[in-house]
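S.K.: sequence first, predicted coordinates after that:
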Amino acid sequence: MKKKVCKMCKIFVEGDSCPVCKKQSFSTNWQGIIQFLNTDKSMIAHEMGVEKEGEYAIKVR
């Protein structure tokens, strides 16, 4: 089974609501994975607007 991703913040979700934005809008159509361990020091996290550590999809449809 393919992982589901929040359409708004692109974080991978296992439950019924997103841990970041608390919404329930998900997609299983995504491409690429990036994992942030320390968002404070990551330029890529800053460019993507990511504030919480975790696994994110690069592209979500």
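M.R.: Nice, I can see it.
S.K.: my read: Lys52 touches Ile11, true?
M.R.: Yes: between Lys52 and Ile11 there is a contact at 7.3 Å, judged by Cβ atoms under 8 Å. Every C-beta, even on glycine, is put in place using the N, C-alpha and C of the backbone.
S.K.: overlap in contacts of the two?
M.R.: Both Lys52 and Ile11 are in contact with Pro19, Val20, where contact means Cβ atoms under 8 Å, 6 or more residues apart in numbering.
S.K.: tell me which of the two has more neighbours.
M.R.: The neighbour comparison of Lys52 against Ile11 (other Cβ atoms under 10 Å) goes to Ile11, with 19 against 12.
S.K.: what sits against the more buried one?
M.R.: Contact partners of Ile11, counting by Cβ under 8 Å, 6+ apart, are Val5, Cys18, Pro19, Val20, Lys52, Gly54, Glu55, Tyr56, Ala57.
S.K.: repeat that for Lys10.
M.R.: Under the contact definition (Cβ under 8 Å, 6+ apart), the residues listed for Lys10 are Trp30, Met48, Tyr56, Ala57, Ile58, Val60.
S.K.: what segments of this protein are helices?
M.R.: 43-48 (DSSP state H).
S.K.: what's the first-to-last distance across stretch 25-34?
M.R.: One end of stretch 25-34 sits 20 Å from the other (Cα to Cα, to the nearest Å).
S.K.: scratch that, stretch 26-43
M.R.: With Cα to Cα applied, stretch 26-43 spans 26 Å between its terminal residues.
S.K.: also stretch 46-56?
M.R.: With Cα to Cα, one end of stretch 46-56 sits 13 Å from the other.
S.K.: for that stretch, buried residues please.
M.R.: For stretch 46-56, a neighbour-count test (16 or more other Cβ atoms under 10 Å) marks Met48, Val50, Gly54, Tyr56 as buried.
S.K.: so which of the residues you listed comes closest to Thr39?
M.R.: Val50 (5.5 Å; Cβ to Cβ).
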